[in-house]
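Asker: Return atomic coordinates for the entry below.
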Amino acid sequence: MFLGHLSFGQGFFKFRQLSERDTVAKSIFNPKNTRETSNKGKFFLHWGYNFSSYAKSDIHFKGPGYDFTLLDVKATDRPSKLSTDYINPARFTIPQFNFHFGYFFKDNYSISLGWDHMKYVVNTPQTVRVKGFIDPVASNPGISTGDWAGTYDGRELTLQDSVFKFEHTDGYNFAAIGIERYDDIWVSHSKKQSLNTEVGLEAGLLIPRTDARLFNVGDNHYWNVAGYGFAGKVGLQYHILKWLYVQGSFKTGFTDLDRISTTGRKGVDRAKQNIWFFENYWVLGFKF
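Answerer: The predicted model follows:
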């Protein structure tokens, strides 16, 4: 009787173990095979590179003797050409990159800290509409504004390299905290490879290093907290091994920058703008 009861107890215990193991991985896709180990309590880290695009943006410039807005300004990113910069430890942060570090607090949920190093470059020459005014002498100490002087009510102005430059190229940095959800689409029979979706939301600060020249006066400024932003993302992860994955994602977000340096006269000349960005990035990741 005792041995029979012990056998039943062991069998029940094994049954409980298998049941918990079989349901440890959560997914809305119900793949044929299921992971047998949970992500909960694990960390991840990934690094890769991005391409970005931007919606048209209004840029508002203000200082002593001027207050004007450039309307519907076009801008692009500036990805580095394929070179040894991408693998050179001393230079691999020069291209547009993505770095994220995170922790799984549940099997299919994580929190993360990320740094997206994008680049934003206003196209020149381009013709834009302008509203506001510009005096013949602006800023403090005074700068001659030349042909830009006047009152504008939507008339056109051509942005030329000789007097105007505006780019966040070192860079348009989005430092954010995020929350992500993962769902397995496919798991191999060996349980070593898998394909899953990632969706997430992020919020954080914009810390650009802006290279700006207004009326041909300016500088490549130091990094500063210029505003804040929000983003949503969706992507696919392919786990080559349980601990190694590649990922391709799309992210879109809104950023509000209201403390952008222009001429370099601190507290005198400033610009602000709202930017919608669209980012595609590819990364190599590690889970541990």
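Asker: from memory L236 sits against V246, does it?
Answerer: No: L236 lies out of contact with V246 (C-beta atoms under 8 Å); the separation is 9.2 Å. Any C-beta I mention is one placed from the backbone N, CA and C, and that applies to glycine too.
Asker: Tell me the helix or strand right after the least confident helix or strand in the chain by mean pLDDT.
Answerer: Using mean pLDDT, DSSP states H and E, the weakest-scoring helix or strand in the chain turns out to be helix 2-22, at a mean of 42. Next in sequence after helix 2-22, counting helices and strands by DSSP states H and E, comes strand 43-54.
Asker: That following strand: which residues count as buried?
Answerer: By neighbour count on 16 or more other C-beta atoms under 10 Å, the buried set for strand 43-54 is 44, 46, 48-50, 52, 54.
Asker: What of stretch 96-115?
Answerer: 96-98, 100, 102, 104, 107-110, 112, 114-115.
Asker: Farthest pair within these?
Answerer: The widest separation within the buried residues of stretch 96-115, taken as C-beta to C-beta, falls between Q96 and D107 and amounts to 32.0 Å.
Asker: how about low-confidence regions in this structure?
Answerer: Applying pLDDT under 70 to the chain flags the ranges 1-23.
Asker: Spatially central residue for it, please.
Answerer: Centroid-nearest residue in the chain: D116, 3.9 Å away (criterion: C-alpha atoms, centre = their mean).
Asker: gap between that one and W243?
Answerer: 24 Å (C-beta to C-beta, to the nearest Å).
Asker: my read: the residue nearest to the centre of the chain touches Y49, true?
Answerer: No: counting by C-beta under 8 Å, D116 stays clear of Y49, with 10.6 Å between them.
Asker: Next, show the common contact partners of the two.
Answerer: 98, 281 (C-beta atoms under 8 Å, 6 or more residues apart in numbering).
Asker: follow-up on the earlier one: so the residue nearest to the centre of the chain is in which element?
Answerer: strand 109-122.
Asker: quick one, phi/psi of T84?
Answerer: Dihedral pair for T84: phi -70, psi -10, per degrees, to the nearest 10.
Asker: Ignoring the adjacent residues along the chain, who's closest to it?
Answerer: R91 (7.6 Å; C-beta to C-beta, 6 or more residues apart in numbering).
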